[in-house]
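Trainee: dropping the sequence and predicted coords here.
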Amino acid sequence: MADKLSSTQRERALGGLNGWVYDEAGDAISHVFKFKDFSEAFAFMTRVALAAESAGHHPEWSNSYNRVTIVLTTHDAGGLTTKDMALAKVIDTILV
């Protein structure tokens, strides 16, 4: 099991991400992605799903037409871990 990040580790990791927001109440990070249409949003979700499955770490997410909301936290660690930050970084690269 991964260990929870300290506040210093969390802030350092967030600095390397694009647009992710920390949620103190849930000890999680989230991002709302907007796309041209549903097809682009769903294609993005498919690529994220493959990356998440490969990493063995799965996001909480929702989709509404052209928006995808992703929340990352490691439930069995009780908060943010390096697994969340690594998956967020991969998700950022999917957008490029």
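Mentor: Everything's here; your move.
Trainee: list the contacts for the closest residue to residue 41 other than its chain neighbours?
Mentor: Once flanking residues are discounted, residue 41 sits nearest to residue 35: 4.4 Å by Cβ to Cβ, 6 or more residues apart in numbering. C-beta coordinates here come from the backbone N, C-alpha and C atoms, glycine included. Contact analysis of residue 35 by Cβ atoms under 8 Å, 6 or more residues apart in numbering lists 41, 44, 66-68.
Trainee: show me where the chain has strands.
Mentor: Ranges of strands within the chain are 21-23, 28-34, 60-64, 67-72, based on DSSP state E.
Trainee: helices along this protein, start to end?
Mentor: Per DSSP state H, the chain carries helices over the ranges 7-15, 38-55, 82-94.
Trainee: pick the most deeply packed of these.
Mentor: Stretch with highest mean neighbour count among the helices of the chain: helix 82-94 (a mean of 18; mean count of other Cβ atoms under 10 Å).
Trainee: quick one, that one and strand 67-72 angle?
Mentor: Relative orientation of helix 82-94 versus strand 67-72 (axes from the mean of the first three to the mean of the last three Cα atoms, to 10 degrees): 150 degrees.
Trainee: now for helix 82-94, which elements pack on it?
Mentor: helix 7-15, strand 28-34, helix 38-55, strand 67-72 (3 or more Cβ pairs under 8 Å, 6 or more residues apart in numbering; DSSP states H and E).
Trainee: buried stuff in the last one?
Mentor: It refers to strand 67-72. Neighbour-count burial for strand 67-72 flags 68, 70-72 (criterion: 16 or more other Cβ atoms under 10 Å).
Trainee: give me the residues contacting stretch 2-9.
Mentor: Contact with stretch 2-9 is made by 13, 27, 74, 77-83, 85, as judged by Cβ under 8 Å, 6+ apart.
Trainee: let's have the helices of the chain in JSON lines, adding distance to residue 31.
Mentor: Formatted as JSON lines, the helices of the chain follow (distance: least, Cβ to Cβ, whole Å):
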{"stretch": "helix 7-15", "distance to residue 31": "11"}
{"stretch": "helix 38-55", "distance to residue 31": "11"}
{"stretch": "helix 82-94", "distance to residue 31": "7"}
